[in-house]
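1. Here's my sequence, what's the structure:
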Amino acid sequence: MDGLPREFRDESAGRFQRTLKVAIHCVGIGLHSGRKVQMSLRPAPANSGIVFHRTDLNIDIPARFDAVVDTRLCTVLGTPDARIGTVEHVCAALSACGIDNAIVAVDGPEVPVLDGSAAPFVFLIDCAGITEQDAPRREIEILRTVSVTDGESFVELRPATLDGMELAVSIDFGAAAIGRQSLSVRMGESLFRHGLAKARTFALAADIAGLQAAGLAQGGSLDNAVVVDGARVLNPGGLRMPDEFVRHKALDLVGDLALAGARLRARVVAHRPGHSLNNLALRALFADPEAWGWVDAPLLSSWAKTPLQEAA
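-> So this is what the prediction gives:
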């Protein structure tokens, strides 16, 4: 189990909303645009949620499932006048660290990819600090199963067996370096930090030329993505963990489901998930008013002890 402890404490859970103490800034490259990007994470008032702000256009875009306008290789939020892409890693970090309200200010059409994982965003959140707000936190409870499929791929949102969110994710790739991998975890902040945040985005070497010809992956490199060629991992340092691929898919799932606008109290079962199915799952959920409901966050979350288990 990669030296991970059996139990973690979820410091992000609690009754009240949270935001950042101060603003924090970074500069990076957009994975798909290849453009230099300046980004700031800023505090925001209670009940405002996560909002992306295009500083070059002075336009706000809410981090919500119904603002998703594209899901090709990343999740893109948009309005008629602006778009912001590759939001899933920073959304995952904000959600897992228990940030309910924040402004993500970016001076272009894409969040910087940094090292291809969520770990740098967790670091930025730690540097900014977190403060509790005088407003209650509510969660979204799944009341009956919602499922979306695409061929052999599916994402199911099921009623939770415990408080919080459980993930059971599996993938199946033809490339021998990836193959079949599965992971089952009970989400919590420490679990995310130690088990998911460092997992990087990945690509197949055979697909890269086509992606770049389509205007995607212009900023991709071995510094911000794992590249696989058959049985070989081309990155000089290899993998960060043996099952980094399925862990990154779980990371993406956390980020995409954060666009529900609040913590999900759910058991999420996914096979070969992707950004499109992740978003369709939320759209299907909120299209059925009998499938979900608001609940108050617990005073002392029973997420406090979160054993990590591998799926059989």
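2. could you dump the longest helix along the chain to PDB, C-alpha only?
-> Ranked by number of residues, the top helix in the chain under DSSP state H is helix 244-257. Only the C-alpha atoms of helix 244-257 are listed here, as PDB (Å, rounded to 0.1, in the frame of the first residue of the first chain):
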ATOM      1  CA  GLU A 244      -0.800   6.200 -10.500                       C
ATOM      2  CA  PHE A 245      -3.200   5.900 -13.500                       C
ATOM      3  CA  VAL A 246      -6.300   4.900 -11.600                       C
ATOM      4  CA  ARG A 247      -5.500   7.300  -8.800                       C
ATOM      5  CA  HIS A 248      -5.500  10.100 -11.300                       C
ATOM      6  CA  LYS A 249      -8.800   9.000 -12.700                       C
ATOM      7  CA  ALA A 250     -10.100   9.100  -9.100                       C
ATOM      8  CA  LEU A 251      -8.600  12.600  -8.600                       C
ATOM      9  CA  ASP A 252     -10.400  13.800 -11.800                       C
ATOM     10  CA  LEU A 253     -13.600  12.300 -10.500                       C
ATOM     11  CA  VAL A 254     -13.300  14.200  -7.300                       C
ATOM     12  CA  GLY A 255     -12.700  17.500  -9.200                       C
ATOM     13  CA  ASP A 256     -15.600  17.000 -11.600                       C
ATOM     14  CA  LEU A 257     -18.000  16.000  -8.900                       C
END
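3. packing partners for that helix?
-> helix 88-96, strand 165-172, strand 180-186, strand 202-204, strand 264-271, helix 275-286 (3 or more Cβ pairs under 8 Å, 6 or more residues apart in numbering; DSSP states H and E). Every C-beta, even on glycine, is put in place using the N, C-alpha and C of the backbone.
4. can we see that at 10 Å?
-> helix 88-96, strand 153-159, strand 165-172, strand 180-186, strand 202-204, strand 226-229, strand 264-271, helix 275-286 (3 or more Cβ pairs under 10 Å, 6 or more residues apart in numbering; DSSP states H and E).
5. Would you mind saying which of these lies nearest Ala217?
-> In terms of Cβ to Cβ, the element of these nearest to Ala217 is strand 202-204, at 7.0 Å.
6. if you average pLDDT over that closest one, what comes out?
-> Average pLDDT, strand 202-204: 95.
7. distance between the ends of stretch 56-75?
-> 20 Å (Cα to Cα, to the nearest Å).
8. How many residues are close by the spatially closest residue to Pro62 that is not a sequence neighbour?
-> Among residues not flanking Pro62 along the chain, Val51 sits closest, at 5.6 Å (Cβ to Cβ, 6 or more residues apart in numbering). Residues near Val51, counting by other Cβ atoms under 10 Å, number 18.
9. What score does His32 have for pLDDT?
-> With respect to pLDDT, His32 has a value of 88.
10. That one contacts Gly215, doesn't it?
-> Yes - taking contacts as Cβ atoms under 10 Å, His32 lies within contact range of Gly215: 7.6 Å.
11. For these two, indicate the residue with more neighbours.
-> His32 (23 against 10).
12. Leaving out the residues flanking it, which one is nearest to the more buried one?
-> Among residues not flanking His32 along the chain, Leu216 sits closest, at 4.8 Å (Cβ to Cβ, 6+ apart).
13. In contact with the one you found, which residues?
-> Leu216 makes contact with 31-34, 72-74, 85, 203, 207-208, 210, according to Cβ atoms under 10 Å, 6 or more residues apart in numbering.
14. Apply 8 Å and report the result again.
-> Taking Cβ atoms under 8 Å, 6 or more residues apart in numbering, we find Leu216 in contact with 32, 72-73.
15. That'll do, ta.
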